[in-house]
Every structure is written in C-alpha cells, then in structure tokens.
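Enquirer: When you get a sec, could you give me coordinates for this:
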Amino acid sequence: MNGQVSAPGSFRTSNPNPLSDWMSALSPQLWDVPLNHLSIPGSHDTMTYGLNRTSPVSRSASRLLQALAKVLPCLLQPVVLRWSVTQELDVTEQLDAGVRYLDLRIAHMPEGSPRNLHFVHMLYTTLLVE
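Expert: Numbering: from 1, shown residues only. Purely as a prediction, here's the structure:
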C-alpha cells in the first residue's frame, strides 16, 4: 500500500480508492467461507463524526454524566465530545478506506421530534437516520 495520511480525514494515494474494492481481490478459497468466519475491517461507532459541541448527552449515559451535563455543560461537553468521537471520516470515506462493517447505534432524542432517529455514542449526533 502506498498511501500516506496527510491530514486528519484525508487519505491520499496514487489510486483514488485503493481499498474501496479490496473484497473483489479475495482468494477464491475464501468465496464460500461464511462472513462470520472472516475478519472484516469495521468502524467502531461509525457515525460519531457527526458529533459536535452542541450534541446533547444521551439518555443511555450514566446518571452522573447526565447530571453533570446539566450543572456544568461548558466543562463537560468538550471532554465527553473528545471521548465520544471515534471516527473522523464520513461513511463514504470509511467505505472507500476499506471498512466493511458499520457499527450504527440509533436512538430517539427525548427533546427531539418523536419521528426523528439520531445516531448516538454518549452524545446524540446532529445526523438523522433517513
């Protein structure tokens, strides 16, 4: 692989998508192996690139974290944000980088519309499930 990471979120190679179709190069011996027997590259909390400083703490977070978010939001939000963001690349960029397993965690935001579903990892993302 001749890729070089030049800045967060930008992966550059001589081939624009060197890993986007890596599965097409699998050995024929692996074609009949069930997917659950293969090691497949995935992303943990795929949609966390959609978190920002205004993202509210989720209902699934600990009661202590929820209480601190209400009392000290200016101090807590940046810390939880840094802890929660596990991906900088959007879904298309992750797929182009070779990811084939997506970890999508979805929840209703209590203060939001009951019709909207958000992605969540400690905080609700600004991204809606479509």
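
Enquirer: list the buried ones in stretch 95-110?
Expert: Within stretch 95-110, the residues scored as buried using 16 or more other CB atoms under 10 Å are 95-99, 105, 107, 109. C-beta: built from backbone N, CA, C; applies to glycine.

Enquirer: Same check on stretch 56-76?
Expert: For stretch 56-76, a neighbour-count test (16+ other CB under 10 Å) marks 56-58, 61, 68-69, 76 as buried.

Enquirer: want to try TSV for those residues, with distance to Leu89, pLDDT and secondary structure as columns?
Expert: Compiled in TSV, the buried residues of stretch 56-76 are given as follows (distance: CB to CB, whole Å; pLDDT from 0 to 100; DSSP: H, G, I helix; E, B strand; the rest coil):
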residue	distance to Leu89	pLDDT	secondary structure
Pro56	24	90	coil
Val57	24	90	strand
Ser58	22	90	coil
Ala61	25	87	coil
Leu68	30	88	helix
Ala69	27	86	helix
Leu76	26	85	helix
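
Enquirer: Could you export those as CSV, including distance to Gly42?
Expert: As requested, those are arranged in CSV below (distance: CB to CB, whole Å):
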residue, distance to Gly42
Pro56, 27
Val57, 25
Ser58, 22
Ala61, 23
Leu68, 31
Ala69, 29
Leu76, 29
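
Enquirer: Tell me the confidence at the closest residue to Ser20 other than its chain neighbours?
Expert: The shortest distance from Ser20 to any non-neighbouring residue, by CB to CB, 6 or more residues apart in numbering, is to Asp96 (4.6 Å). pLDDT for Asp96: 94.
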